[in-house]
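Novice: My questions concern the predicted model and sequence given below.
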Amino acid sequence: MEIDKEVCRRLYDYLCKTIGSEEVVNIRRRFYASVDYFTERSDYTLITSGSRSEGLEMGSDLDIMWLFKNVHISEEKTEDSFLIPNNIVMDTDECKPCFSQLKGHSCHFDTVLNWVLTPHGHELRLESGRMRYLLLSITRLFRPFNSHGPCVSDETNLGLCDLTVCLRCPVWINQVQPWIKRERYWPSTYLVSHICSYGILFVPIGSKDSPNEHLEWRISFSVAEKLMIFSFTHTQFLCYALMKLLLKKVIDKNQQYKGLLCSYFMKTVMFWVSEESHPSIWRPENIWPCFMKCLKRLVYCITYRYLPHYFIIENNLFECRFNQQHSDFLKFLKYLLSRGIYMFRNCYALSDFFYNAPLVAIMSEIEIVCCKLKAISLQISRPLILVFGVFTMFYSPVRQLSRGQLFITRFLKIASKDFMPFIVFAEFCQLVGKSMNIHTNCPNKLRYQLTKQYLPYLYIGLCGDAVSGWMYLATYYYCIGKYKVSLQLINHALRECTNDKLFYVNHKLTANRFSEFVKDGIRQKIWKLRHLYKNHVIHEISFYYNSRVIPPELDVQFTTGTYIPPLVYIQFLRFLCLYRLHEEFQCEQAIHDLLLSIDCQHFNCNESVFGEAYKCLAVAFAIYGKTEKARYYFDAYDLYKERWKDLYF
């Protein structure tokens, strides 16, 4: 079914609103690029990958690769390679394309490598199965992670987080050399050179039908793929988004065919079509024909059960993929092709397009600002807090402090006017500040030194949003007994909790929520995005195992993720301060306000937070001497804790 250029243009504009405009997509990418930059260390680094880091926000998982930088991988042995610590040599002789065994060839191996190296004949091999088991064992100490391919996955109702270990070979190996020489329209020669200069990665998973599966590692091109998607035009990117929507919201909705395809197949098809197509076709008024071209290529590949890996064409991704359901699945896909654009008629993400297509209008300047603020806010997600919360458990407060100094050095090094690194920097500084151990008994001189070292990080964290930074600082002053100072900070935060704010859980910030004063400032370019974010975005209050700047009344030391609605936490800490100041009458009012804050829809839309909200209320009643009410709300807390037990140990 053909559609004209006008409908294509409306579809493009609609997708810019729902999937993300070019500016919004760039904001998402810069956020995760900043995360990668600030977490890089000499011994390891975290690499964000997958849809989120590519700029797509479609409820997809957060993929993080833990790269061990002190492992040296080479393609062949050399005369002096044995003298290199942690040296590993590839062995692809008995492996399928895109897989390799890794042989230990060094005079010294670190503890972790020693644990995963296993004898194989007269040599040592790096065992991928043992590496996955090690990662799973560590993460299961804190959360109910499950094995999922090369990753361990935190599969909860609150989001999906995939974490894997990877190793890097800094050269472009012989197996992938033919990719460089292929004739193509895309990617550019410069990008090909840039990709090759990074090298390749290895992730711990072997070929399923190999007798040595437990010893094999898959060659991964995650970094290369991310760079190539960054080079897409926005029309290409939206076609990629449509391919993923087709998979998640159309194909997988049919239980008979769910799981036959995966996102990586869609990405591979996009790469092949992009390589073979002239760049001039990727225009907004041509978006639907471009998408149909990709879909037809997918159907063609399924017909012949052959989809070559984009980098290593000898690896057929569809090998043994469609055995019994092949003909039925083909009929289903051809039926979708025959429906044209109406294949998305029942897709929620596009449903409004079919009813309001003529009404899709260009966004106003203020609406664009709202979309940018929302895009930034959504990236500071629970999975991200979870991952970095878990990683902080391996650091003592002293090592946390050294990480903070590293963050500052990195931030000063780029001295960027870009807003995104600043937001990530502020969030990481909050993590460091919250690790200050203020509950230990130590001499006043040492306590003063700790405060002098850690407190600046909490002050930097004030720039992260409108409320949570102030509340962490107020918590610090409460914990050291300065209740009046804490109360002043609490009252300031309370004044910021208004309905014109964007609370990231419910994503509600529209142009009509801004005051006329703010709107005029946006139109006249007075307000920078940094100022708007600081004054109009509110995050959840989050604590994790290594958080030490917490009220002692809240026993959250045995959780890896505790999330409290901001208004609830404000009223709870306000009650604690008033109680310590012996303000009896105001304490009664504070408990009443705490009850009301739990019913505030604007800040409590996620049901999982009610457990911690009820716990705050129960603790307040217990402190105030109302034991029956305290018992009632502790029971309510226990029910929610059981229901959302994936948040707890």
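Specialist: Good, I have the coordinates.
Novice: From Pro119, how far out is the closest residue in space to Lys77 that isn't next to it in sequence?
Specialist: Spatial nearest neighbour of Lys77, excluding adjacent residues (Cβ to Cβ, 6 or more residues apart in numbering): Val89 at 5.4 Å. (Glycine included, C-beta is placed from N, CA and C.) Distance of Val89 to Pro119, computed by Cβ to Cβ, to the nearest Å: 16 Å.
Novice: neighbour-wise, which of the two wins?
Specialist: Val89 (21 against 9; other Cβ atoms under 10 Å).
Novice: The more buried one belongs to a strand?
Specialist: Yes. According to DSSP: H, G, I helix; E, B strand; the rest coil, Val89 belongs to a strand.
Novice: what are the bridge partners for it, then?
Specialist: Ser74, Lys103 (DSSP bridges).
Novice: quick check: angle from whichever strand in the chain runs longest to strand 87-91?
Specialist: Among the segments of the chain that qualify as a strand by DSSP state E, the longest is strand 159-169. On the basis of axes from the mean of the first three to the mean of the last three Cα atoms, to 10 degrees, strand 159-169 is oriented at 90 degrees to strand 87-91.
Novice: just the CA coordinates of strand 159-169, formatted as CSV?
Specialist: Provided in CSV are the C-alpha atoms of strand 159-169 (Å, rounded to 0.1, in the frame of the first residue of the first chain):
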residue,chain,number,x,y,z
GLY,A,159,12.8,-2.1,34.3
LEU,A,160,15.3,-4.5,32.8
CYS,A,161,19.0,-4.2,33.3
ASP,A,162,21.5,-6.3,31.5
LEU,A,163,25.1,-6.5,32.7
THR,A,164,28.0,-8.4,31.2
VAL,A,165,31.7,-8.7,31.3
CYS,A,166,33.8,-8.0,28.2
LEU,A,167,37.4,-8.0,27.0
ARG,A,168,38.9,-5.9,24.3
CYS,A,169,41.3,-6.7,21.5
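Novice: Buried residues, the helix or strand hosting Ala375. List them.
Specialist: Using DSSP states H and E, Ala375 sits in helix 365-379. Residues of helix 365-379 classed as buried by neighbour count (16 or more other Cβ atoms under 10 Å): 366, 368-379.
Novice: of these, closest to Ile564?
Specialist: Ser377 (17.4 Å; Cβ to Cβ).
Novice: After the worst-scoring helix or strand of the chain on mean pLDDT, which helix or strand is next?
Specialist: Sorting the helices and strands of the chain by mean pLDDT, DSSP states H and E puts helix 382-392 at the bottom, at a mean of 66. Downstream of helix 382-392, the first helix or strand assigned by DSSP H and E is helix 397-414.
Novice: same question for that following helix, mean pLDDT?
Specialist: Mean pLDDT, computed over helix 397-414, is 82.
Novice: Name the SS class of Cys95, please.
Specialist: Three-state call for Cys95 (three-state DSSP): coil.
Novice: How many residues are close by it?
Specialist: Neighbour count of Cys95, defined by other Cβ under 10 Å: 21.
Novice: got a list of what it touches?
Specialist: Applying Cβ atoms under 8 Å, 6 or more residues apart in numbering to Cys95 gives the contacts Gln101, Ser207, Ser210, Asn212, Glu216.
Novice: Spatially, and excluding backbone neighbours, which residue is closest to Met343.
Specialist: Nearest residue to Met343, sequence neighbours excluded (Cβ to Cβ, 6+ apart): Leu336, at 4.4 Å.
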